[in-house]
Structures are given as structure tokens and as C-alpha cells.
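Undergrad: Below are the sequence and a predicted model for it; my questions follow.
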Amino acid sequence: MSLLHNRFGLKPNPSQAFPKLPQFSAFMKPCRFEGEVRDLEVEGTIPPEIHGTFFRVMPDPAYPPYVDDDGWFNGDGAVSAFEIKDGRVQFKQRYVRTEKFVAERKAHKMLTGKYRNKYTDLVELQVRTTANTNIFPYKDFLLAIKEDAHPYAMDAKTLETIGLYDFEGQLPSTTFTAHPKVDAKTGEMLCFGYEAKGDGTPDVCYYTIDSEGKFTQSVWMTAPVVGLMHDFAFTDNYVIFPIIPQLCDIERLKEGGSHWEWDGNCPLYIGVLPRYGAKGTDVKWFEYKTSFPGHTANAYEDDSGNILLDMPLSMSNVFFWWPDAQGVSPDPRTIKSDLVRFTINPAAEDLQLAQPEVLIDHDVEFPRIDDRWGGKKHRHCFFDHMDPSLGTDFAAIGPAMGGGYPPYNSLGHLDLETRKLDVYFPGSTHMCQEPVFIPTTDKEGEGYLLALVNNYRTMMSELHLVSTADFSKPAAVINLPMRLRAGLHGNWVDGQDLQLDFD
Ligand SMILES: C=Cc1ccc(O)c(OC)c1
Ligand SMILES: [Fe+2]
């Protein structure tokens, strides 16, 4: 670790207080808690068939930044684990010991600068990732992932960091997606990295890992733009790569600018590559008008061989904190992502995509399905959902919310066979984080949703457990004696596969 010549006159923040900005205030004030809380308060009854652990990760800055207006996405990865067994809940939380976190803890201050811009750092690190976007079970451990680097491996029982993980030297790319997918039938894991040869490179590497952990193929492709490739999808025969029109320019990075800039002239590209046996040049980059693709719900092939791809889609820049070259962003209150379905003929010569079908005409994000149906025709889709008419007391909670991420006041369940939308409303002072689905039978979608819910009246976090068969009330509400700020992604690990260690 060596100190860098500082080109931009940046210096460490002498303050031990977080900036008075919305993303560091009220419910978004950093939590910075590590430890355990045993036997959380449970209102209602957790059904005994629920046995397993909900892992989730949030960006949670350990130290005040020295760059202006540092965003939510740049916080250090903090992993929460909720183990549910015999109707009781045990909670544990720990930061990922990234190289960045360890160096900053030693210095008692932040030494790294802007989100994904190493040129603004005050220290030279091998890897500056925050590991803050997904916590994904792999073998008998966890991968703490941000898409700008290799994952960190964590001990699933203790949440201790094991270290950077390159799959025993097999990882071909310098980056690893925050959204790996597992084909439940075969246990095959499908992954990719973008900016895969370093910051600003258009190289994308798709790779597959068999159930034994062996890399079975890697395919190098070139993206049409160096854009934000956050999530992807797969079917039996294809992998599908939407590109958010937020573009990276290495010269801007070197000048101390932001990693991403919205390009209102860039189409939405959706890459389609054969899942097996492809060469990089086989990828087809389909195009749709400029729009912002959210997280994928799922994709599958219909009887005529078309790919159906379900995901939220906004006609404006959801990541408004990264404006366009003129500094222009939409008013956050006007941003809305419908749940849509693209139909893509992988054999088409014409790469222009037709307008997608709107499945839900409300603002939705964080779609989840019963993962056993990944890549197959799914019937049930769950998601975070915003419907202002449900009765949220916006006037009361507004000042308590802090800033930087979109609010969702309910959980949605769309039955794609009946097209019926079910809505779970957690309360008038509550907003929902991403749900996980907990299967309890072999039947698709039968089970429970579990989601962290921010209660802006109590300024505490709650876990709401909701049966997918009854969205009228929660099966149980689990109260945390603390506040966990907005997180990104989580996953459920069955108790047959894992038992956590507690003192
Ligand atoms: C939700 C998307 C997303 C995309 C890129 C990121 O670096 C990220 O960090 C938390 C989140
Ligand atoms: Fe994500």
C-alpha cells in the first residue's frame, strides 16, 4: 500500500461526521453495526416449515467520504444474516473485510475516492471493490460481490471474510457480475464480467461453471458501447445481456470524473448469445429506443423459439445521480419502471426490437421468481411495487426517508396465467426492500416472501414474512431493535444446507 501523488488536490476528510446530505441522513444514515442479536422479537407466528437463512447486503460507508456528494452505491458492503429455525430468528451482521475496508479501518478514515474511479484515491490498492451489491451462496460459502472486481468469499456460518476468490485460478476476467444465475436443474452457474479487461474496456466475458466448480466455457465478446451491464438472463439455449445507457469513458475517469454518464442518444442494447458452444462474434446486439432496463425477472423460449424477457423498463434515467453530459437528469419523482416483456427472435436479421408488452403499469423493481423456474416458463413474479393510492402517509415520512434510492410501498405478485396482481401493503409509514422467495413445496411460487421493511415512524427495520397465498396480512413481522439502511440484493439458503454459528 503506497500513497499516491494526488492530481486533484483531494485530501482526507478531517471530520468524523458524515456529510449533511440526504444519502447520509435520517433512515439513510450509515448504520455501521457489527454483531449479533439473538431471538428477535416476532409478532405473529413463523411457520415451522421455514428453516434457513436470509442473507442480504447493503452499502454502508464505514467512514465519511472526502469527495463531494458521494453516492449510496459507493458504501462498504455490510452483510446481514437472519437465521430462521423453530419459529425463532437469530441475526448477525458484519462488514466484508475488503482490502479497502481494512486499509481505511487502519487509517481511521476514507482513503478511496469516487465510485469506481481509482484515479481519485489517496492510496494504491490492488483491489478497491466495496463488495456491496449481492451476497450469493456458492458451495458452502458466500460470495460478496460488486461487479467491478472478483468476489470476496465469506464464511457463511460466521460472516468472516475468507478473501478474494478467483475460483482456484479459473476466473478469466477481472470482473464478476453481481447477478450470477444458477440453472436449478443442473446446478450450472452462469456468469459474466464487463469492463472485463479493466476500467473503460468494451470487453465482456461470459462463462459457465459446472456443479463441481469447474469452468466449462468462457466466451469473449465486444460490447457496442462501454455501458452498465448490471444484470442478465438465460434460457435453455441463450444468454441475454441488456446494457443500461450509462456509459464509461476512461479519459473522464482519468480527469477525476464519474464512472458513468447517461447517454440519451444511446439505444438500449440487448445482446443475445447462444448459451453453449458460441464464439464471441456470434453475439447479436438487438436495439430498442433509449430506455433504462432494470433487473431481469426471467427469460424463457416460447414454442416458436422466441425469447421472452421480463424486466422493469423506464423511459428515463433511473440512476439520476449520474446525469448526462449536460448535467441533466430527470426529476426522481417522475421516474417510473413498468414491468415489461420483450419478445426477441434470436434468428432475426432485423436487430430493431418491437415495443415490449406492458405487464404492470406501476413503478416496480427488484423482481424475483421461484428460482427453480430460472430460464423456464415461469408463472409467478414477485417484486417491489409503488402505488401511491395504497395509503402511504408521504407527508409524515418524507423527512425521515433520507435520499438516494427509489421508494416502494408494497410487494407485488403477478400471476402471469391469470394476469392477476396481488399487493401486500406493509403499513402507511413503511417502504419495502428487495424480497426473497422461500419455497415450501415443489409447486412453483408456493411459499413465502421475506423482505426487510423500513418503518419511518419507529425508524427501525422489520422483516415481513408473507404467504404467497395470502397477501392480505403478514404471517409474521420480525422487529429489529435497530435500523438497517437501504440494501441491494439477498438470497435464501435452506437450513438443510447450512447452520450458522452463534456464541
Ligand atoms: C442496482 C444496481 C447497481 C449497479 C451498479 C452498482 O455498482 C451497484 O452498487 C451497489 C448497484
Ligand atoms: Fe442488482
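TA: Alright, I've got the coordinates. Residues are numbered from 1 along each chain as shown. Ligands and ions are numbered 1, 2, ... in the order given.
Undergrad: Enumerate the residues of this protein near ligand 1.
TA: Proximity of the chain to ligand 1 (C-beta under 6 Å from any ligand atom) is limited to residues 59, 73, 132-133, 146, 230, 488. Backbone N, C-alpha and C define where each C-beta goes, glycine included.
Undergrad: Mind doing that once more with 8 Å?
TA: Within reach of ligand 1 by C-beta under 8 Å from any ligand atom, the chain has these residues: 59, 72-75, 115-116, 130, 132-133, 146-148, 178, 228, 230-231, 295, 319, 488.
Undergrad: Restricted to strands, list the residues you listed.
TA: The members of the residues of the chain next to ligand 1 that map onto strands under DSSP state E are 59, 228.
Undergrad: List buried residues within the residues of the chain next to ligand 1.
TA: 59, 72-75, 115-116, 130, 132-133, 146-148, 178, 228, 230-231, 295, 319, 488 (16 or more other C-beta atoms under 10 Å).
Undergrad: So which of those belong to helices?
TA: Among those, none falls in helices (DSSP state H).
Undergrad: Ends of stretch 198-216, what's the gap?
TA: Using C-alpha to C-alpha, to the nearest Å, one end of stretch 198-216 lies 23 Å from the other.
Undergrad: Would you confirm that N74 contacts K114?
TA: Yes: assessed by C-beta atoms under 8 Å, N74 is found in contact with K114 at 7.3 Å.
Undergrad: Could you pull out the strands in the stretch 251-400 of the chain for me?
TA: 261-262, 268-274, 284-288, 292-293, 298-301, 307-314, 337-344, 357-360, 363-368, 380-386 (DSSP state E, counting those that start in this stretch).
Undergrad: residue ranges with poor pLDDT in the stretch 1-150 of the chain?
TA: 1-6 (pLDDT under 70).
Undergrad: which parts of stretch 206-214 are buried?
TA: Neighbour counts over stretch 206-214 (16+ other C-beta under 10 Å) mark 206-209 as buried.
Undergrad: likewise stretch 448-468?
TA: Across stretch 448-468, burial judged by 16+ other C-beta under 10 Å covers 448-456, 460-468.
Undergrad: Can you tell me which residue of the protein sits closest to ligand 1?
TA: Closest to ligand 1 within the chain is F73: 3.8 Å, counting by C-beta to the nearest ligand atom.
Undergrad: What helices and strands are in contact with whichever strand or helix holds M431?
TA: If you go by DSSP states H and E, M431 is part of strand 430-439. The contact analysis (3 or more C-beta pairs under 8 Å, 6 or more residues apart in numbering; DSSP states H and E) places strand 430-439 against strand 52-59, strand 363-368, strand 380-386, strand 410-415, strand 447-455, strand 490-494.
Undergrad: Which strands or helices does the fifth one pack on?
TA: In terms of contacts (3+ C-beta pairs under 8 Å, 6+ apart), strand 447-455 is packed against strand 410-415, strand 430-439, strand 460-467.
Undergrad: I'd like those strands laid out as a markdown table, including mean pLDDT.
TA: Output for the helices and strands packed on strand 447-455, formatted as a markdown table (pLDDT from 0 to 100):
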| stretch | mean pLDDT |
| --- | --- |
| strand 410-415 | 98 |
| strand 430-439 | 98 |
| strand 460-467 | 98 |
